[in-house]
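Student: One predicted model, sequence on top.
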There are 2 protein chains.
Amino acid sequence: MTVGRKEAARVGRARSTTAAELGRIGLELFIERGFDEVTVDEIAAAAGIGRRTFFRYFPSKNDLPWGDFDAMLGRMRAHLSDIPADIPLYDALRAAVIDFNTFPDAELPLHRQRMEVLLRTPTLVAHSALRYQSWRQVIADFVAARLGVAADALQPQTIGWACLGISLAAYDQWLAHPEQVLTDLIHQGFVQMREVFCSRAVPGDV
Amino acid sequence: MTVGRKEAARVGRARSTTAAELGRIGLELFIERGFDEVTVDEIAAAAGIGRRTFFRYFPSKNDLPWGDFDAMLGRMRAHLSDIPADIPLYDALRAAVIDFNTFPDAELPLHRQRMEVLLRTPTLVAHSALRYQSWRQVIADFVAARLGVAADALQPQTIGWACLGISLAAYDQWLAHPEQVLTDLIHQGFVQMREVFCSRAVPGDV
DNA sequence: TTCCCTACGGCACTCAGTGCCATTAGTATG
DNA sequence: CATACTAATGGCACTGAGTGCCGTAGGGAA
(Lines give C-alpha, C1' and ligand atoms only; values in the text may rest on other atoms or scores of the structure.)
Protein backbone atom coordinates (compact mmCIF):
# COMPACT_ATOMS: atom_id res chain seq x y z
CA MET A 1 0.00 0.00 0.00
CA THR A 2 2.56 2.59 -1.02
CA VAL A 3 0.70 5.82 -1.17
CA GLY A 4 3.79 7.71 -2.23
CA ARG A 5 2.96 11.31 -3.08
CA LYS A 6 4.31 10.93 -6.57
CA GLU A 7 4.80 7.18 -6.76
CA ALA A 8 7.65 8.11 -9.09
CA ALA A 9 8.74 4.57 -9.72
CA ARG A 10 6.12 1.98 -10.48
CA VAL A 11 6.33 -1.25 -12.36
CA GLY A 12 5.04 -1.33 -15.89
CA ARG A 13 5.08 1.19 -18.67
CA ALA A 14 5.04 4.84 -17.64
CA ARG A 15 1.93 6.92 -18.33
CA SER A 16 2.33 9.11 -21.36
CA THR A 17 0.30 12.02 -19.95
CA THR A 18 -1.89 12.98 -17.01
CA ALA A 19 -5.58 13.74 -16.64
CA ALA A 20 -4.65 17.28 -15.66
CA GLU A 21 -2.56 17.84 -18.77
CA LEU A 22 -5.18 16.30 -20.99
CA GLY A 23 -7.82 18.43 -19.32
CA ARG A 24 -5.79 21.56 -19.94
CA ILE A 25 -5.37 20.78 -23.62
CA GLY A 26 -9.00 19.81 -24.09
CA LEU A 27 -10.40 22.80 -22.24
CA GLU A 28 -8.27 25.11 -24.32
CA LEU A 29 -9.79 23.67 -27.49
CA PHE A 30 -13.31 23.91 -26.06
CA ILE A 31 -12.83 27.55 -25.10
CA GLU A 32 -11.41 28.32 -28.50
CA ARG A 33 -13.88 26.53 -30.76
CA GLY A 34 -16.77 25.38 -28.61
CA PHE A 35 -17.39 22.00 -27.02
CA ASP A 36 -19.43 20.53 -29.85
CA GLU A 37 -16.94 21.63 -32.47
CA VAL A 38 -14.11 19.57 -31.00
CA THR A 39 -13.94 15.80 -31.45
CA VAL A 40 -12.24 13.36 -29.14
CA ASP A 41 -9.92 12.46 -32.02
CA GLU A 42 -8.73 16.05 -32.14
CA ILE A 43 -8.09 16.25 -28.42
CA ALA A 44 -6.18 12.98 -28.53
CA ALA A 45 -4.16 14.17 -31.51
CA ALA A 46 -3.39 17.49 -29.81
CA ALA A 47 -2.19 15.59 -26.75
CA GLY A 48 -0.21 13.14 -28.83
CA ILE A 49 -2.06 10.07 -27.63
CA GLY A 50 -4.41 7.61 -29.26
CA ARG A 51 -8.14 8.08 -29.17
CA ARG A 52 -8.49 4.84 -27.22
CA THR A 53 -6.15 6.13 -24.56
CA PHE A 54 -8.22 9.27 -24.06
CA PHE A 55 -11.02 7.15 -22.70
CA ARG A 56 -8.68 5.66 -20.12
CA TYR A 57 -8.15 9.14 -18.66
CA PHE A 58 -11.76 10.34 -18.89
CA PRO A 59 -14.84 8.13 -19.01
CA SER A 60 -16.39 10.51 -21.50
CA LYS A 61 -15.69 13.70 -23.38
CA ASN A 62 -18.20 15.39 -21.08
CA ASP A 63 -16.08 14.69 -18.02
CA LEU A 64 -13.02 16.51 -19.28
CA PRO A 65 -14.01 20.11 -18.52
CA TRP A 66 -14.65 19.33 -14.86
CA GLY A 67 -11.07 18.77 -13.87
CA ASP A 68 -10.58 17.09 -10.53
CA PHE A 69 -14.02 17.75 -9.15
CA ASP A 70 -13.83 14.93 -6.63
CA ALA A 71 -10.85 16.58 -4.97
CA MET A 72 -12.86 19.79 -4.65
CA LEU A 73 -15.72 17.87 -3.09
CA GLY A 74 -13.28 16.39 -0.61
CA ARG A 75 -12.16 19.87 0.37
CA MET A 76 -15.74 21.04 0.82
CA ARG A 77 -16.44 18.04 3.02
CA ALA A 78 -13.38 18.87 5.10
CA HIS A 79 -14.36 22.51 5.37
CA LEU A 80 -17.85 21.60 6.51
CA SER A 81 -16.59 19.26 9.20
CA ASP A 82 -14.38 22.06 10.50
CA ILE A 83 -17.32 24.36 11.13
CA PRO A 84 -18.06 24.72 14.86
CA ALA A 85 -21.31 23.18 15.98
CA ASP A 86 -22.55 26.46 17.42
CA ILE A 87 -22.69 28.17 14.04
CA PRO A 88 -26.31 28.04 12.85
CA LEU A 89 -26.97 25.70 9.96
CA TYR A 90 -27.91 28.49 7.58
CA ASP A 91 -24.65 30.33 8.24
CA ALA A 92 -22.61 27.16 8.03
CA LEU A 93 -24.05 26.30 4.64
CA ARG A 94 -23.58 29.79 3.34
CA ALA A 95 -19.97 29.83 4.46
CA ALA A 96 -19.25 26.43 2.92
CA VAL A 97 -20.83 27.24 -0.41
CA ILE A 98 -19.01 30.56 -0.61
CA ASP A 99 -15.76 28.90 0.36
CA PHE A 100 -16.22 26.23 -2.30
CA ASN A 101 -16.53 28.94 -4.92
CA THR A 102 -13.72 31.16 -3.77
CA PHE A 103 -10.71 31.24 -6.09
CA PRO A 104 -7.53 33.28 -6.19
CA ASP A 105 -7.89 36.33 -8.45
CA ALA A 106 -5.30 34.91 -10.79
CA GLU A 107 -7.43 31.87 -11.47
CA LEU A 108 -10.70 33.72 -11.98
CA PRO A 109 -10.38 34.41 -15.72
CA LEU A 110 -9.78 30.74 -16.51
CA HIS A 111 -12.46 29.68 -14.04
CA ARG A 112 -14.90 31.95 -15.79
CA GLN A 113 -14.05 30.46 -19.17
CA ARG A 114 -14.37 26.96 -17.80
CA MET A 115 -17.77 27.72 -16.31
CA GLU A 116 -18.79 29.43 -19.52
CA VAL A 117 -18.17 26.15 -21.33
CA LEU A 118 -19.83 24.07 -18.61
CA LEU A 119 -22.94 26.20 -18.15
CA ARG A 120 -23.54 27.41 -21.69
CA THR A 121 -23.13 24.14 -23.59
CA PRO A 122 -26.40 22.19 -23.51
CA THR A 123 -24.62 18.83 -23.68
CA LEU A 124 -22.62 19.76 -20.61
CA VAL A 125 -25.51 21.34 -18.75
CA ALA A 126 -27.17 17.96 -19.07
CA HIS A 127 -24.16 15.94 -18.07
CA SER A 128 -23.49 18.22 -15.11
CA ALA A 129 -26.58 16.89 -13.40
CA LEU A 130 -24.57 13.79 -12.58
CA ARG A 131 -21.76 15.78 -10.98
CA TYR A 132 -24.22 17.86 -9.00
CA GLN A 133 -25.59 14.71 -7.40
CA SER A 134 -22.29 14.20 -5.58
CA TRP A 135 -22.11 17.87 -4.68
CA ARG A 136 -25.61 17.86 -3.21
CA GLN A 137 -24.80 14.73 -1.28
CA VAL A 138 -21.94 16.49 0.50
CA ILE A 139 -24.37 19.18 1.63
CA ALA A 140 -27.03 16.62 2.49
CA ASP A 141 -24.62 14.59 4.63
CA PHE A 142 -23.71 17.69 6.58
CA VAL A 143 -27.32 18.76 7.08
CA ALA A 144 -28.30 15.23 8.06
CA ALA A 145 -25.56 15.07 10.70
CA ARG A 146 -26.60 18.45 12.07
CA LEU A 147 -30.26 17.52 12.26
CA GLY A 148 -29.69 13.96 13.38
CA VAL A 149 -31.63 12.43 10.50
CA ALA A 150 -30.75 10.08 7.65
CA ALA A 151 -28.77 11.56 4.76
CA ASP A 152 -31.36 10.35 2.27
CA ALA A 153 -34.24 11.93 4.20
CA LEU A 154 -36.32 14.65 2.63
CA GLN A 155 -34.93 17.66 4.46
CA PRO A 156 -31.19 17.13 3.84
CA GLN A 157 -31.86 16.38 0.19
CA THR A 158 -34.07 19.43 -0.21
CA ILE A 159 -31.47 21.68 1.36
CA GLY A 160 -28.85 20.14 -0.90
CA TRP A 161 -30.91 21.19 -3.88
CA ALA A 162 -31.41 24.67 -2.47
CA CYS A 163 -27.68 25.23 -2.03
CA LEU A 164 -27.00 23.93 -5.52
CA GLY A 165 -29.64 26.23 -6.91
CA ILE A 166 -28.22 29.25 -5.14
CA SER A 167 -24.80 28.44 -6.59
CA LEU A 168 -25.96 27.89 -10.14
CA ALA A 169 -28.20 30.94 -10.22
CA ALA A 170 -25.25 32.96 -8.95
CA TYR A 171 -22.96 31.54 -11.63
CA ASP A 172 -25.50 32.40 -14.28
CA GLN A 173 -25.53 36.02 -13.11
CA TRP A 174 -21.78 36.06 -12.87
CA LEU A 175 -21.34 34.89 -16.44
CA ALA A 176 -23.86 37.42 -17.69
CA HIS A 177 -22.47 40.29 -15.63
CA PRO A 178 -18.68 39.97 -15.36
CA GLU A 179 -18.38 43.06 -13.21
CA GLN A 180 -20.15 41.37 -10.33
CA VAL A 181 -18.39 39.33 -7.68
CA LEU A 182 -19.28 35.65 -7.63
CA THR A 183 -19.13 35.17 -3.89
CA ASP A 184 -21.26 38.28 -3.34
CA LEU A 185 -23.87 36.85 -5.67
CA ILE A 186 -23.93 33.61 -3.70
CA HIS A 187 -24.36 35.58 -0.50
CA GLN A 188 -27.25 37.49 -2.08
CA GLY A 189 -28.80 34.21 -3.16
CA PHE A 190 -28.88 32.98 0.41
CA VAL A 191 -30.40 36.23 1.57
CA GLN A 192 -32.99 36.32 -1.20
CA MET A 193 -33.98 32.75 -0.56
CA ARG A 194 -34.68 33.70 3.01
CA GLU A 195 -36.71 36.70 1.86
CA VAL A 196 -39.15 34.53 -0.02
CA PHE A 197 -39.26 31.48 2.20
CA CYS A 198 -39.58 33.47 5.39
CA SER A 199 -42.47 35.62 4.28
CA ARG A 200 -45.48 35.36 6.55
CA ALA A 201 -47.40 32.14 6.19
CA VAL A 202 -51.15 32.15 5.76
CA PRO A 203 -53.16 30.56 8.59
CA GLY A 204 -53.28 26.81 8.27
CA ASP A 205 -49.64 26.44 7.36
CA VAL A 206 -48.00 23.53 9.18
CA MET B 1 -55.34 29.33 -40.11
CA THR B 2 -57.61 26.38 -39.50
CA VAL B 3 -56.87 25.35 -35.98
CA GLY B 4 -59.43 22.58 -36.14
CA ARG B 5 -59.36 20.41 -33.03
CA LYS B 6 -58.47 17.36 -35.07
CA GLU B 7 -57.58 18.90 -38.39
CA ALA B 8 -59.00 15.65 -39.76
CA ALA B 9 -58.39 16.49 -43.37
CA ARG B 10 -55.08 17.96 -44.38
CA VAL B 11 -53.25 17.90 -47.65
CA GLY B 12 -50.43 15.44 -48.06
CA ARG B 13 -49.84 11.98 -46.73
CA ALA B 14 -51.44 11.15 -43.40
CA ARG B 15 -49.24 10.63 -40.34
CA SER B 16 -48.73 6.99 -39.57
CA THR B 17 -48.68 7.43 -35.79
CA THR B 18 -48.65 10.09 -33.07
CA ALA B 19 -46.08 11.21 -30.53
CA ALA B 20 -48.44 10.07 -27.79
CA GLU B 21 -48.76 6.57 -29.22
CA LEU B 22 -45.05 6.31 -29.85
CA GLY B 23 -44.41 7.53 -26.34
CA ARG B 24 -46.73 4.90 -24.92
CA ILE B 25 -45.00 2.10 -26.79
CA GLY B 26 -41.52 3.32 -25.95
CA LEU B 27 -42.24 3.90 -22.27
CA GLU B 28 -43.66 0.42 -21.99
CA LEU B 29 -40.41 -1.03 -23.33
CA PHE B 30 -38.33 1.17 -21.02
CA ILE B 31 -40.33 0.10 -17.96
CA GLU B 32 -40.04 -3.52 -18.99
CA ARG B 33 -36.37 -3.76 -19.89
CA GLY B 34 -34.70 -0.51 -18.82
CA PHE B 35 -33.95 2.58 -20.87
CA ASP B 36 -30.43 1.60 -21.89
CA GLU B 37 -31.51 -1.87 -22.95
CA VAL B 38 -33.88 -0.58 -25.62
CA THR B 39 -32.62 0.75 -28.94
CA VAL B 40 -34.39 3.25 -31.14
CA ASP B 41 -34.59 0.57 -33.81
CA GLU B 42 -36.60 -1.61 -31.46
CA ILE B 43 -39.03 1.16 -30.57
CA ALA B 44 -39.50 1.98 -34.22
CA ALA B 45 -40.03 -1.66 -35.07
CA ALA B 46 -42.53 -2.07 -32.22
CA ALA B 47 -44.42 0.95 -33.52
CA GLY B 48 -44.25 -0.23 -37.11
CA ILE B 49 -42.39 2.79 -38.38
CA GLY B 50 -38.92 3.38 -39.73
CA ARG B 51 -36.07 4.41 -37.51
CA ARG B 52 -35.73 7.65 -39.45
CA THR B 53 -39.35 8.48 -38.78
CA PHE B 54 -38.90 8.06 -35.03
CA PHE B 55 -36.64 11.09 -35.02
CA ARG B 56 -39.36 13.16 -36.65
CA TYR B 57 -41.59 12.57 -33.62
CA PHE B 58 -38.91 12.95 -30.95
CA PRO B 59 -35.67 14.88 -31.30
CA SER B 60 -33.91 12.20 -29.27
CA LYS B 61 -34.55 8.92 -27.52
CA ASN B 62 -34.16 10.83 -24.25
CA ASP B 63 -37.17 12.99 -25.00
CA LEU B 64 -39.60 10.14 -25.37
CA PRO B 65 -40.31 9.40 -21.69
CA TRP B 66 -41.34 12.98 -21.00
CA GLY B 67 -44.55 12.91 -22.94
CA ASP B 68 -46.08 16.30 -23.62
CA PHE B 69 -44.14 18.23 -20.99
CA ASP B 70 -44.66 21.56 -22.71
CA ALA B 71 -48.41 21.23 -22.36
CA MET B 72 -47.95 20.63 -18.63
CA LEU B 73 -45.79 23.73 -18.40
CA GLY B 74 -48.52 25.70 -20.12
CA ARG B 75 -51.01 24.54 -17.52
CA MET B 76 -48.69 25.49 -14.68
CA ARG B 77 -48.26 28.92 -16.20
CA ALA B 78 -52.01 29.30 -16.43
CA HIS B 79 -52.50 28.12 -12.88
CA LEU B 80 -49.94 30.60 -11.59
CA SER B 81 -51.53 33.51 -13.39
CA ASP B 82 -54.86 32.59 -11.79
CA ILE B 83 -53.50 32.97 -8.28
CA PRO B 84 -54.85 36.10 -6.59
CA ALA B 85 -52.27 38.78 -5.94
CA ASP B 86 -53.01 38.82 -2.23
CA ILE B 87 -51.78 35.27 -1.70
CA PRO B 88 -48.21 35.49 -0.35
CA LEU B 89 -45.50 34.42 -2.77
CA TYR B 90 -44.47 31.44 -0.68
CA ASP B 91 -48.02 30.10 -0.58
CA ALA B 92 -48.59 30.77 -4.25
CA LEU B 93 -45.48 28.83 -5.20
CA ARG B 94 -46.32 25.95 -2.92
CA ALA B 95 -49.82 25.72 -4.35
CA ALA B 96 -48.58 25.82 -7.92
CA VAL B 97 -45.91 23.18 -7.43
CA ILE B 98 -48.33 20.88 -5.63
CA ASP B 99 -50.93 21.44 -8.32
CA PHE B 100 -48.40 20.63 -11.04
CA ASN B 101 -47.71 17.30 -9.40
CA THR B 102 -51.28 16.33 -8.62
CA PHE B 103 -52.60 13.43 -10.67
CA PRO B 104 -55.79 11.36 -10.54
CA ASP B 105 -55.35 8.21 -8.48
CA ALA B 106 -55.84 6.09 -11.58
CA GLU B 107 -52.82 7.65 -13.24
CA LEU B 108 -50.50 7.38 -10.25
CA PRO B 109 -49.14 3.87 -10.89
CA LEU B 110 -48.08 4.74 -14.42
CA HIS B 111 -46.79 8.12 -13.31
CA ARG B 112 -44.65 6.38 -10.72
CA GLN B 113 -43.20 4.03 -13.31
CA ARG B 114 -42.51 6.91 -15.67
CA MET B 115 -40.73 8.85 -12.94
CA GLU B 116 -38.86 5.73 -11.94
CA VAL B 117 -37.45 5.58 -15.46
CA LEU B 118 -36.79 9.32 -15.61
CA LEU B 119 -35.16 9.70 -12.19
CA ARG B 120 -33.31 6.41 -11.89
CA THR B 121 -31.68 6.23 -15.33
CA PRO B 122 -28.44 8.24 -15.31
CA THR B 123 -28.75 9.11 -19.00
CA LEU B 124 -32.18 10.57 -18.35
CA VAL B 125 -31.23 12.29 -15.12
CA ALA B 126 -28.66 14.14 -17.19
CA HIS B 127 -30.99 14.95 -20.05
CA SER B 128 -33.69 16.11 -17.66
CA ALA B 129 -31.60 19.11 -16.77
CA LEU B 130 -32.66 20.62 -20.08
CA ARG B 131 -36.36 20.11 -19.36
CA TYR B 132 -35.99 21.54 -15.89
CA GLN B 133 -34.65 24.77 -17.37
CA SER B 134 -38.06 25.48 -18.88
CA TRP B 135 -39.81 24.45 -15.71
CA ARG B 136 -37.70 26.76 -13.59
CA GLN B 137 -38.30 29.57 -16.02
CA VAL B 138 -42.05 29.32 -15.49
CA ILE B 139 -41.49 29.75 -11.76
CA ALA B 140 -38.94 32.50 -12.33
CA ASP B 141 -41.30 34.45 -14.59
CA PHE B 142 -43.99 34.35 -11.92
CA VAL B 143 -41.64 35.40 -9.14
CA ALA B 144 -40.21 38.16 -11.29
CA ALA B 145 -43.67 39.54 -12.02
CA ARG B 146 -44.57 39.42 -8.34
CA LEU B 147 -41.40 41.17 -7.26
CA GLY B 148 -41.27 43.57 -10.17
CA VAL B 149 -37.82 42.54 -11.28
CA ALA B 150 -36.39 40.99 -14.45
CA ALA B 151 -37.04 37.30 -15.00
CA ASP B 152 -33.34 36.64 -15.42
CA ALA B 153 -32.45 38.41 -12.18
CA LEU B 154 -30.84 36.49 -9.36
CA GLN B 155 -33.83 36.16 -7.05
CA PRO B 156 -36.38 34.70 -9.48
CA GLN B 157 -33.80 32.26 -10.79
CA THR B 158 -32.78 31.19 -7.31
CA ILE B 159 -36.38 30.62 -6.28
CA GLY B 160 -36.91 28.64 -9.48
CA TRP B 161 -34.10 26.34 -8.43
CA ALA B 162 -35.48 26.03 -4.93
CA CYS B 163 -38.90 24.96 -6.16
CA LEU B 164 -37.35 22.46 -8.53
CA GLY B 165 -35.24 21.08 -5.73
CA ILE B 166 -38.23 20.68 -3.45
CA SER B 167 -40.03 18.78 -6.20
CA LEU B 168 -37.18 16.46 -7.07
CA ALA B 169 -36.28 15.70 -3.48
CA ALA B 170 -39.93 14.87 -2.90
CA TYR B 171 -40.02 12.59 -5.95
CA ASP B 172 -36.94 10.80 -4.74
CA GLN B 173 -38.63 10.09 -1.40
CA TRP B 174 -41.81 9.08 -3.14
CA LEU B 175 -40.04 6.53 -5.31
CA ALA B 176 -38.17 5.12 -2.34
CA HIS B 177 -41.24 5.03 -0.08
CA PRO B 178 -44.33 4.20 -2.12
CA GLU B 179 -46.59 4.43 0.89
CA GLN B 180 -46.05 8.17 1.16
CA VAL B 181 -48.13 10.76 -0.66
CA LEU B 182 -46.27 12.80 -3.25
CA THR B 183 -48.08 16.06 -2.67
CA ASP B 184 -47.61 15.73 1.10
CA LEU B 185 -43.90 15.31 0.53
CA ILE B 186 -43.79 18.46 -1.55
CA HIS B 187 -45.64 20.33 1.17
CA GLN B 188 -43.14 19.06 3.73
CA GLY B 189 -40.30 20.17 1.49
CA PHE B 190 -41.60 23.73 1.49
CA VAL B 191 -41.97 23.65 5.26
CA GLN B 192 -38.54 22.15 5.83
CA MET B 193 -36.90 24.65 3.54
CA ARG B 194 -38.38 27.38 5.69
CA GLU B 195 -37.14 25.67 8.82
CA VAL B 196 -33.54 25.89 7.70
CA PHE B 197 -33.58 29.18 5.87
CA CYS B 198 -35.51 31.01 8.54
CA SER B 199 -33.33 29.99 11.44
CA ARG B 200 -31.94 32.99 13.29
CA ALA B 201 -29.20 34.80 11.46
CA VAL B 202 -25.96 35.64 13.18
CA PRO B 203 -25.17 39.34 13.61
CA GLY B 204 -23.75 40.82 10.44
CA ASP B 205 -26.13 39.06 8.11
CA VAL B 206 -27.49 41.42 5.47
C1' DT C 1 19.00 -10.94 -20.07
C1' DT C 2 14.75 -12.49 -18.93
C1' DC C 3 10.40 -11.92 -16.64
C1' DC C 4 6.59 -9.39 -15.33
C1' DC C 5 3.54 -5.81 -15.24
C1' DT C 6 1.11 -1.83 -16.91
C1' DA C 7 -0.05 1.49 -20.29
C1' DC C 8 -0.75 2.26 -25.09
C1' DG C 9 -3.32 2.17 -29.28
C1' DG C 10 -5.19 -0.02 -33.42
C1' DC C 11 -9.37 -2.37 -35.04
C1' DA C 12 -13.90 -3.47 -35.30
C1' DC C 13 -18.33 -2.88 -33.51
C1' DT C 14 -22.83 -0.70 -31.52
C1' DC C 15 -25.81 2.91 -31.24
C1' DA C 16 -27.63 7.85 -31.43
C1' DG C 17 -28.47 11.32 -34.43
C1' DT C 18 -28.48 13.83 -39.21
C1' DG C 19 -28.70 15.19 -44.20
C1' DC C 20 -30.32 13.75 -48.55
C1' DC C 21 -33.73 12.18 -51.55
C1' DA C 22 -36.79 9.06 -53.83
C1' DT C 23 -41.29 7.20 -52.76
C1' DT C 24 -45.85 6.97 -50.92
C1' DA C 25 -50.36 8.50 -49.82
C1' DG C 26 -53.21 11.76 -49.14
C1' DT C 27 -56.14 16.39 -50.89
C1' DA C 28 -57.48 19.79 -54.39
C1' DT C 29 -58.45 20.94 -59.12
C1' DG C 30 -59.64 20.35 -64.03
C1' DC D 1 -60.95 9.94 -63.77
C1' DA D 2 -56.46 12.25 -64.48
C1' DT D 3 -53.22 15.50 -63.03
C1' DA D 4 -51.04 18.61 -59.77
C1' DC D 5 -49.68 19.57 -55.34
C1' DT D 6 -48.24 18.58 -50.68
C1' DA D 7 -46.56 16.34 -46.63
C1' DA D 8 -45.02 12.21 -44.33
C1' DT D 9 -42.27 8.11 -44.79
C1' DG D 10 -38.14 5.51 -44.74
C1' DG D 11 -33.91 3.83 -46.86
C1' DC D 12 -28.98 4.99 -47.26
C1' DA D 13 -24.84 6.76 -46.00
C1' DC D 14 -22.25 9.29 -42.80
C1' DT D 15 -20.32 11.32 -38.26
C1' DG D 16 -18.98 10.80 -33.64
C1' DA D 17 -19.09 8.83 -28.84
C1' DG D 18 -18.04 4.98 -26.36
C1' DT D 19 -16.49 -0.19 -25.71
C1' DG D 20 -14.33 -4.88 -25.95
C1' DC D 21 -10.46 -7.26 -27.58
C1' DC D 22 -5.78 -7.98 -28.10
C1' DG D 23 -1.17 -7.44 -29.60
C1' DT D 24 2.67 -4.37 -28.55
C1' DA D 25 5.68 -1.00 -26.19
C1' DG D 26 8.20 0.45 -22.35
C1' DG D 27 9.17 0.49 -17.73
C1' DG D 28 11.19 -2.06 -13.11
C1' DA D 29 12.70 -6.39 -10.81
C1' DA D 30 15.17 -10.84 -10.47
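Tutor: Sure, I can see it. Keep in mind the model is a prediction, meaning the values are calculated, not measured.
Student: who touches the helix or strand hosting A:L185?
Tutor: Taking DSSP states H and E as the definition, A:L185 sits inside helix A:182-197. Helix A:182-197 is contacted by residues A:90, A:93-94, A:97-98, A:101-102, A:162, A:165-167, A:169-171, A:173-174, B:89-90, B:93, B:143, B:154-155, B:158-159, B:162, B:190, B:193-194, B:197-198, B:201, B:205-206 when judged by CB atoms under 8 Å, 6 or more residues apart in numbering or on different chains. Placement of C-beta: from N, CA and C, glycine included.
Student: which ones among those residues are found in strands?
Tutor: Judged by DSSP state E, the contacts of helix A:182-197 include no members of strands.
Student: how deep is the nearest residue to A:Y90 once chain neighbours are set aside tucked in, by neighbour count?
Tutor: With sequence-adjacent residues excluded and distances taken as CB to CB, 6 or more residues apart in numbering or on different chains, A:Y90 is closest to B:S199, at 5.0 Å. Per other CB atoms under 10 Å in any protein chain shown, the neighbour tally for B:S199 reads 14.
Student: Next to DNA strand C, which bits of chain A? Give me the list.
Tutor: Proximity of chain A to DNA strand C, by CB under 7 Å from any atom of the strand, involves residues A:10-17, A:48-53, A:56-57.
Student: change it to 6 Å
Tutor: A:11-13, A:15-17, A:49-50, A:52-53, A:56 (CB under 6 Å from any atom of the strand).
Student: Assign the residue of chain A found nearest DNA strand C to helix, strand or coil.
Tutor: Closest residue of chain A to DNA strand C, CB to the nearest atom of the strand: A:G12 (2.0 Å). Classification of A:G12 using DSSP: H, G, I helix; E, B strand; the rest coil returns coil.
Student: Report the separation between it and A:I43.
Tutor: As judged by CB to CB, to the nearest Å, A:G12 and A:I43 stand 25 Å apart.
Student: quick one, the helix or strand containing A:D141 and helix B:182-197 angle?
Tutor: For A:D141, the host element (DSSP H and E) is helix A:122-147. Calculated by axes from the mean of the first three to the mean of the last three CA atoms, to 10 degrees, helix A:122-147 forms an angle of 70 degrees with helix B:182-197.
Student: ok, how many other residues are close to A:P178?
Tutor: 9.
Student: for it, helix, strand, or coil?
Tutor: Going by three-state DSSP, the state assigned to A:P178 is coil.
Student: Name the nearest residue to it, sequence neighbours excluded.
Tutor: Looking at A:P178 with CB to CB, 6+ apart, the closest residue is A:R112, at 7.2 Å.
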